[in-house]
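Asker: test case, fold it:
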Amino acid sequence: MRRIIKSNLIVLPSGIFDGFIVIEDGKIAEITEKAPEGEMIDATGNYVMAGFVDIHTHGGGGFSFTEASPDEIVDGCVFHMTHGTTTIVPTVTTGAFPIMREAVKNIQIAKKNPLVRNLLGAHMEGPYLSPAQCGAQAPGHITEPKPEEYISLVEETGNTIVRWTYAPERDKDGEFCRFLKEHGILASAGHTDAKYSDMALAIENGLSLVTHLYSCTSTVTRDHGFRSLGVIESTFLRDELCAEIIADGKHLPPDLVRMIVKIKGIDNVAAVTDSLCVAGSPATSGVMSGVEYIVEDGVAKLSDRSAFAGSVATADVLLRTLVNECGFTLSEASTMLSATPARLFGLNTGKLEVGLDSDIVVLNKDFEVQQVFVRSTHTYKNQD
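Answerer: This next block holds a predicted model:
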C-alpha cells in the first residue's frame, strides 16, 4: 500500500519541513517537496513526527505490566499507543521472582497479539538492585544476582527480555552483565549505589545505559577525605553510557534536564515516562508490588511522601515538557523521545528518514495526538 502524509510541519532531524512523506510497504520511501501520487492524508497545520519510543513504563490506563494478564498488557500498550508511543518496552517491577517470571511470560504472549505491533519486549527492573537506592521497588525482594534465576528465565522466554536494570556493585565480577550482553539484552545501571570502579567494570562487560539518572543513582562519596565518583558522575564521564531521564516535568526540573543534555549531548539522552498503571486514569493511589503510593501534584509519590514512586505521564506529556518547559526544539525533543532510544536497541525506526519504518505520530499545535501510524497501519485517530 502506498500512502502520502502531507504537512507543512514535518519534524525532521534537521528541522521543520514543508512537504510530503511517501510510505510504501511499511517504510518511508520518500520525503519530498513535490506532491506524489497515492492515498493522501492531509495533516496540514499539524506536526508530523517520528513515533515515540518509550523504553521504561510500568503501565497505563489502569493496567500494570507486572500484574496484568496478556490481554490487559495489550490494553496497556494500546493506551500508550493512543498517546503516540509506537514502540514500547513494558517494565516488570521488582517483586517475588516467580511473579516477575510470570509477568515476562505474559508479555511474551502479548507480543503475539496483532494489536500491539509496538511491543518490543520486557524490561526487568530488578530484583538485583541496591537496598539503599530501592526507591519504590519492593525492598523485601531485592537481592544479588542469582544465576539459577536469570539463566532459566532467559532460556525459558527466549528473546522476550530486551533490557535489564541492575546495580553494578552487586555484580562483583561482571558475570551478570556479561550474560546480558551475550544474550542480546541491554544492560542498564539503576537503583544503584555504585562507585566509579563498579561502573568501569560494568562498562567493560557491556553496560551502556543508566536508568532514570538522578533518581536512585549514587553521587560523589567521601571516605576519610578521599572522594569517589558515583553513578551520576560516571555517566557524565564515560561516553559509552547513555542517560535515561524521566522527562515528566516533576522528577527533574528543566534546568537539570538542560544540564544533562549539555554534558551528554542530545544524542545520548533518552526520555522515558516511567509511568505507573494510574497514568491516564482518575486513580489517586495505588500499590506496586506491595509498595503503596499516592498521586499528588501530577506525580506518584510513596505514601509517606518521602520520594517519588514513578510518573503518571504519557509520551505526549514528555514532548510538551521538553519543548514548553525545557526549551528544546521539536527536532531535539524527537531525538530524545524517539531516535536515541531506538538506536539503543538497534531499531529501524525513531526518525523520519528514508528507509526507516513508518512509525509516525500526528499532533496538533498543543501537542495533542491526532493520528498514529505503526508500520504505516493507521492504528488510532482522534475523533474530537
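Asker: so for this structure, the centremost residue is which one?
Answerer: The chain has I55 as the residue nearest its centroid, 2.3 Å off, counting by Cα atoms, centre = their mean.
Asker: what stretches of the stretch 151-300 of the chain score poorly on pLDDT?
Answerer: By pLDDT under 70, the low-scoring segments of the stretch 151-300 of the chain are 289.
Asker: where do the helices sit along it?
Answerer: 175-182, 196-204, 231-237, 254-264 (DSSP state H, counting those that start in this stretch).
Asker: make TSV out of these and add mean neighbour count.
Answerer: Bear in mind the C-beta positions are built from the backbone N, C-alpha and C, glycine included. TSV is the format used below for the helices of the stretch 151-300 of the chain (neighbours: other Cβ atoms under 10 Å):
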stretch	mean neighbour count
helix 175-182	18
helix 196-204	20
helix 231-237	21
helix 254-264	16
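Asker: okay, the ones you listed in JSON lines with distance to S338 next?
Answerer: Shown next, in JSON lines, are the helices of the stretch 151-300 of the chain (distance: least, Cβ to Cβ, whole Å):
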{"stretch": "helix 175-182", "distance to S338": "24"}
{"stretch": "helix 196-204", "distance to S338": "25"}
{"stretch": "helix 231-237", "distance to S338": "21"}
{"stretch": "helix 254-264", "distance to S338": "15"}
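Asker: G61: which of these is closest?
Answerer: Proximity to G61 (Cβ to Cβ) singles out helix 254-264 among the helices of the stretch 151-300 of the chain, at 26.1 Å.
Asker: what is the distance between the closest one and the centre of its chain?
Answerer: Offset of helix 254-264 from its chain centre (Cα atoms, centre = their mean, to the nearest Å): 18 Å.
Asker: show me what it is in contact with.
Answerer: Here helix 254-264 makes contact (Cβ atoms under 8 Å, 6 or more residues apart in numbering) with 213-214, 235-236, 242-243, 245, 247, 252, 269, 321-322, 325-328, 332, 336.
Asker: for the stretch 1-150 of the chain, which segments count as helices?
Answerer: Along the stretch 1-150 of the chain, counting by DSSP H, counting those that start in this stretch, helices occupy 70-81, 97-110, 147-157.
Asker: ranking the ones you listed by burial, who's on top?
Answerer: When the helices of the stretch 1-150 of the chain are scored by mean count of other Cβ atoms under 10 Å, the highest mean neighbour count falls to helix 70-81 (a mean of 23).
Asker: ok, F367 touching D316?
Answerer: Yes: judged on Cβ atoms under 8 Å, F367 makes contact with D316 at a distance of 5.7 Å.
Asker: who's in contact with A43?
Answerer: Counting by Cβ under 8 Å, 6+ apart, A43 has contacts I5, K6, S7, V362, Q370, Q371.
Asker: do the same with G286
Answerer: L276, C277, V278, E292, Y293, V295, A300.
Asker: most widely separated two among those residues?
Answerer: C277 and E292 (13.4 Å).
Asker: could I have stretch 155-174 exported to CSV, CA atoms only?
Answerer: C-alpha atoms of stretch 155-174 as CSV (Å, rounded to 0.1, in the frame of the first residue of the first chain):
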residue,chain,number,x,y,z
GLU,A,155,16.3,-19.7,28.4
GLU,A,156,12.6,-20.2,29.0
THR,A,157,11.4,-17.0,27.5
GLY,A,158,13.8,-16.6,24.6
ASN,A,159,14.3,-13.1,23.3
THR,A,160,11.3,-11.6,25.3
ILE,A,161,13.6,-9.7,27.7
VAL,A,162,15.3,-6.9,25.9
ARG,A,163,16.5,-4.8,28.8
TRP,A,164,17.6,-5.4,32.4
THR,A,165,18.2,-2.8,35.1
TYR,A,166,20.5,-3.9,37.9
ALA,A,167,23.0,-2.4,40.4
PRO,A,168,26.6,-3.0,39.1
GLU,A,169,28.1,-3.1,42.7
ARG,A,170,26.1,-6.3,43.3
ASP,A,171,27.7,-7.9,40.2
LYS,A,172,31.2,-8.2,41.6
ASP,A,173,33.0,-9.9,38.7
GLY,A,174,30.7,-8.6,35.9
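Asker: that older thread, out of the contacts of A43, which sit inside strands?
Answerer: Among those, the residues falling in strands (DSSP state E) are I5, K6, S7, V362, Q370, Q371.
Asker: what number of residues lie near the fourth one?
Answerer: Looking back up the chat, that one is V362. By the criterion of other Cβ atoms under 10 Å, V362 has 22 neighbours.
Asker: in the sheet, who's paired with it?
Answerer: Beta-bridge partners recorded for V362 (DSSP bridges): V48, Q371.
Asker: just checking, it touches E368?
Answerer: No: under the criterion of Cβ under 8 Å, V362 is not in contact with E368, lying 10.1 Å apart.
Asker: measure I5 to I142 for me?
Answerer: I5 sits 47 Å away from I142, going by Cβ to Cβ, to the nearest Å.
Asker: again, but for L241
Answerer: Distance of L241 to I142, given as Cβ to Cβ: 23 Å.
Asker: compare those two (neighbour count), which wins?
Answerer: Set L241 next to I142 and count neighbours by other Cβ under 10 Å: L241 wins out with 23 against 20.
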